[in-house]
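> Structure for the following, please:
(2 chains)
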Number of protein chains: 2
Amino acid sequence: MNKNNYCVIMAGGIGARFWPMSRTTRPKQFIDILGTGETLIQRTFRRFERICPKENIYIVTNEIYANQVKHQLPHLPVNNILLEPAMRNTAPCIAYANYKILSVNPEANIVVAPSDHLIMDEDLFADNINVALKFAAENPWLITLGIRPTRPDTGYGYIQFDETIIDTNSHHLRKVKTFTEKPNHELAEKFIASGDFLWNAGIFIWSLKTITEAFEEYLDDINDLFKEGIGLYNTDSEKAFINDIYAGCRKISIDYGIMEKATNVYVLSADFDWSDLGTWGSLYDTRQKDENNNAVVGDDVMLYDTNNCLVNMPKGKLVVLQGLDDYIVVEEDNALLICRKNDEQEIRKFVSDIKAKKGEKFI
Amino acid sequence: MNKNNYCVIMAGGIGARFWPMSRTTRPKQFIDILGTGETLIQRTFRRFERICPKENIYIVTNEIYANQVKHQLPHLPVNNILLEPAMRNTAPCIAYANYKILSVNPEANIVVAPSDHLIMDEDLFADNINVALKFAAENPWLITLGIRPTRPDTGYGYIQFDETIIDTNSHHLRKVKTFTEKPNHELAEKFIASGDFLWNAGIFIWSLKTITEAFEEYLDDINDLFKEGIGLYNTDSEKAFINDIYAGCRKISIDYGIMEKATNVYVLSADFDWSDLGTWGSLYDTRQKDENNNAVVGDDVMLYDTNNCLVNMPKGKLVVLQGLDDYIVVEEDNALLICRKNDEQEIRKFVSDIKAKKGEKFI
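Predicted coordinates:
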């Protein structure tokens, strides 16, 4: 394992679309949403333990989740948990990690990845990431991972590439032409048909030197805020310094702030299956189904004349479902949701109604 | 209140069709299925407290429900709880009550009624029962209450009457011509159209003398078994005697054993609304509905695009239902049922499958 390789796992999301399983106090990344016995952040951490020493893995999360991270990742050094006092999107979170890592290793090569995506083939994942890290170590490139699209999904970001620069061992690294966030259906179909678009997986690979230069060029205000703290990172003063500056950061994503503007952006075609697990529907797609296309988690669920449903029930709860087609049926922590799968975008509205009518108790 | 008036409440039923609210250990009569704050047996007991002294009210139930009766009816004298060691249908249960009452008052006039039916207008009920008791005290008649049918229900028994013998103060007492159990739909429609059929409410009124003569004529074997115990009722030996003979009784209903055969059977048209609450659908019919025809019990139930549903949720449980039409959604004691209202006859099958797969735990 290359000791210059580092990993930054972003774990600050709230995941309201997975209500009632996800709650403000326990968002998606901290849930065993796949029913595998591991939470998503545990799976993500384990994937990166194969790529770099665990001392080189950093988790950036909101300070309200500090205890959940410690509890779920007991082998992670406590000093590697970066606590954000406010939600400021991905660019400030990455700038913070950059300076934290700079204080221990200026030669670092870094993978930045979300904590709550689904990746099943861990061998292919490790292989792809290692290839990208090698490219990033040797070239001043900002590399993003692109997933071959399998359907005109309107919930994803798309990356258009223009020319293949490296194509060996079936690894295709290409220069990025454009980024497009969440296209409409017609446009998404055109993207797929053209053959030169990939989904943006939100996984970035670069050297500390290259990303720092990009911050200096495109997000200098944010970079300056964190640069002021040189000498304080990894000391007792770090927390007070971060609490002091964080609220003053602009809210901006790394995609919008740097990736869409920089000219040294490359995309590596990923070989592994991937889902951002953004909705119950995407979870349904990844799950094993029974003979009636039902994806069921729960040991005491009995189905009659029920098809195409996603069912998630707590252990020990007896559930009899009859006559349902294409529904989400989920219970967690004393809250039950039954909703047509096609109407799952309504869940955000339900959560907002619950907040208005019942307060914070159930959300 | 006439001190010769007695009431026998039959509370031995199991109510499997109301799963998961009703369980073997807690059948329908012991549940607040209407969400009114009182269980059905408490409501029934209260209705009869207006008709006779509570010392004259007897409950016949299975011995496994003894504690529930004591707990739910703390004002009922414990000696008035008749415990059946086995289920033997209604005739043995009535014979037992007859001899129990004979030992304290041979002049008794008796109302026999189920514990788990719905009657909302308690004034009309008391009025009808008092009229029938007066008839029964003065005449050697077996009187049953008939409900004016409002739809061709195939789940009820029908009573055909032939001639009006008493018609004063809008009380119509008529001689019964035939009893018909659960007709098919076509026949039920004919019954309704003919105008000379009533639903059999299973509420009987007679004097102790008249019903004992009927037992002697039509169910002499059962009568003889209980007659042997004269001198033991209301003594310490009663329980052992009953345990000794009960299993040996034939299983037979009072309808089939006596009412369908006797020639002195009369029906009093009831004025009150009534439902046997035999199914979730019949409970739905009696409930108040919201503007989308949903009948909801539960303080934290939020409905979106949901119509014609019956929803029963435990207190404190948050439930969001979207996109359901004509469903039963019921949770009780860690078991959830979702079932099309039109398919509710399947519930018996679910309960039998649960018993086969999971044992007695959930039923």
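> Hmm, A:I205 is touching A:L145, no?
Yes. Using Cβ atoms under 8 Å, A:I205 is in contact with A:L145, at 7.5 Å. (C-beta placed from N, C-alpha, C; glycine too.)
> quick one: common contacting residues for the two?
A:A132, A:L268 (Cβ atoms under 8 Å, 6 or more residues apart in numbering or on different chains).
> Compare neighbour counts for these two and give me the winner.
Taking neighbours as other Cβ atoms under 10 Å in any protein chain shown, A:I205 and A:L145 compare with A:I205 leading, 30 against 25.
> would you say the more buried one is within a helix?
No. Assigned with DSSP: H, G, I helix; E, B strand; the rest coil, A:I205 falls outside any helix and is strand.
> which ones are touching it?
Counting by Cβ under 8 Å, 6+ apart, A:I205 has contacts A:109-112, A:129, A:132-133, A:135-136, A:143-145, A:268.
> How about residues contacting the helix or strand bottoming out on mean pLDDT in chain A?
Within chain A, no helix or strand scores below strand A:158-168, which has a mean of 81 by mean pLDDT, DSSP states H and E. Outside strand A:158-168, the residues that touch it by Cβ under 8 Å, 6+ apart are A:135, A:144, A:146, A:149, A:172-180, A:183, A:188, A:191, A:196-200, A:266-267.
> quick one, helices of chain A?
A:40-49, A:66-72, A:90-102, A:122-138, A:185-194, A:208-218, A:220-227, A:238-245, A:254, A:280-286, A:347-358 (DSSP state H).
> Pull out the CA atoms of the fifth one and give them to me as CSV.
Extracted C-alpha coordinates of helix A:185-194, given in CSV (Å, rounded to 0.1, in the frame of the first residue of the first chain):
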residue,chain,number,x,y,z
HIS,A,185,-35.6,12.9,-19.8
GLU,A,186,-35.3,13.9,-23.5
LEU,A,187,-31.7,15.3,-23.0
ALA,A,188,-30.8,12.2,-20.9
GLU,A,189,-31.9,10.0,-23.8
LYS,A,190,-29.8,12.0,-26.2
PHE,A,191,-26.8,11.7,-23.9
ILE,A,192,-27.1,7.9,-23.7
ALA,A,193,-27.6,7.6,-27.5
SER,A,194,-24.5,9.7,-28.3
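> Give me the angle between that helix and strand A:158-168.
Computed by axes from the mean of the first three to the mean of the last three Cα atoms, to 10 degrees, the angle separating helix A:185-194 from strand A:158-168 equals 10 degrees.
> For helix A:185-194, give the mean pLDDT please.
For helix A:185-194, the mean pLDDT works out to 93.
> quick one: that helix to chain centroid distance?
Distance of helix A:185-194 from its chain centroid, counting by Cα atoms, centre = their mean, to the nearest Å, is 24 Å.
> what sits up against that helix?
By Cβ under 8 Å, 6+ apart, helix A:185-194 touches A:P149, A:R151, A:P152, A:D153, A:T154, A:Y158, A:Q160, A:T180, A:P183, A:F197.
> Which pair of those residues spans the longest distance?
A:R151 and A:Q160 (17.5 Å; Cβ to Cβ).
> Between these two, which is the more surrounded one?
The neighbour count for A:R151 versus A:Q160, taken as other Cβ under 10 Å, is higher for A:Q160 (17 against 10).
> follow-up on the earlier one: which among the contacts of helix A:185-194 end up buried?
When these are checked for burial by 16 or more other Cβ atoms under 10 Å in any protein chain shown, the buried set is A:P149, A:P152, A:D153, A:Y158, A:Q160, A:T180, A:P183, A:F197.
> pLDDT score for the last one?
Note on A:F197: pLDDT of 95.
> Which residue lies closest in space to A:T178, excluding its sequence neighbours?
In space, and not counting its chain neighbours, A:T178 is closest to A:Q160: 4.5 Å by Cβ to Cβ, 6 or more residues apart in numbering or on different chains.
> Number of residues surrounding A:E346?
With other Cβ under 10 Å as criterion, A:E346 counts 17.
> got a list of what A:L336 touches?
Neighbours of A:L336 in contact, by Cβ under 8 Å, 6+ apart: A:P20, A:V329, A:V330, B:M313, B:K317, B:L318, B:V319, B:V320, B:E331, B:L336.
> got a list of what the spatially closest residue to the second one that is not a sequence neighbour touches?
In space, and not counting its chain neighbours, A:V329 is closest to A:V311: 4.7 Å by Cβ to Cβ, 6+ apart. Remark: with contacts taken as Cβ under 8 Å, 6+ apart, A:V311 is in contact with A:N294, A:A295, A:V296, A:V297, A:G298, A:V301, A:L303, A:V319, A:L321, A:V329, A:V330.
> again, only using 7 Å
A:N294, A:V296, A:V297, A:G298, A:V301, A:L321, A:V329 (Cβ atoms under 7 Å, 6 or more residues apart in numbering or on different chains).
> tally of neighbours for the fourth one?
Other residues lying near A:G298 total 19 when counted by other Cβ under 10 Å.
> Tell me how far A:I258 lies from B:N292.
50 Å (Cβ to Cβ, to the nearest Å).
> which of the two has more neighbours?
Set A:I258 next to B:N292 and count neighbours by other Cβ under 10 Å: A:I258 wins out with 23 against 12.
> The more buried one against A:L219, yeah?
Yes. With contact defined as Cβ atoms under 7 Å, A:I258 counts as touching A:L219 (6.4 Å).
> residues contacting the residue minimising distance to the centre of chain A?
When chain A is reduced to its mean C-alpha position, the closest residue under Cα atoms, centre = their mean turns out to be A:P114, at 2.5 Å. By Cβ under 7 Å, 6+ apart, the residues touching A:P114 are A:M10, A:G202.
> now A:S275
Contacts of A:S275 (Cβ under 7 Å, 6+ apart): A:H117, A:L118, A:S282, A:D285, A:T286.
> can you check A:G298 too?
Here A:G298 is in contact with A:V311, A:N312, A:M313, A:K317, A:V319 (criterion: Cβ under 7 Å, 6+ apart).
> How many residues are close by A:V78?
10.
> Quick check: it vs A:N67, distance?
In terms of Cβ to Cβ, A:V78 sits 11 Å off from A:N67.
> repeat for A:G248
Taken as Cβ to Cβ, the span from A:G248 to A:N67 is 26 Å.
> picking up where we left off before, mind giving me the PyMOL command for buried ones among the contacts of A:I205?
Buried members of the contacts of A:I205, defined by 16+ other Cβ under 10 Å, are picked up in PyMOL with:
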select buried, chain A and resi 109+110+111+112+129+132+133+135+136+143+144+145+268
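> want to try TSV for the contacts of A:I205, with distance to chain B as columns?
Formatted as TSV, the contacts of A:I205 follow (distance: Cβ to the nearest Cβ, whole Å):
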residue	distance to chain B
A:N109	46
A:I110	41
A:V111	38
A:V112	35
A:I129	39
A:A132	42
A:L133	44
A:F135	47
A:A136	45
A:I143	42
A:T144	37
A:L145	35
A:L268	40
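> show me the contacts for the closest residue to A:R23 other than its chain neighbours.
With sequence-adjacent residues excluded and distances taken as Cβ to Cβ, 6+ apart, A:R23 is closest to A:I363, at 6.1 Å. Neighbouring residues of A:I363 by Cβ under 7 Å, 6+ apart: A:W19, A:R23, A:T24, A:V351, A:I354, A:K355.
> If we use 6 Å, what do you get?
A:I363 makes contacts with A:T24, A:V351, A:I354, A:K355, as judged by Cβ atoms under 6 Å, 6 or more residues apart in numbering or on different chains.
> per-residue confidence for it?
So A:I363 comes in at 82 (pLDDT).
> what do you get for A:P152?
pLDDT, A:P152: 89.
> Check the gap between A:F48 and A:T144 for me.
From A:F48 across to A:T144, the span is 17 Å (Cβ to Cβ).
> How far does stretch A:81-92 sit from its chain's centre?
Worked out by Cα atoms, centre = their mean, stretch A:81-92 lies 14 Å from the chain centre.
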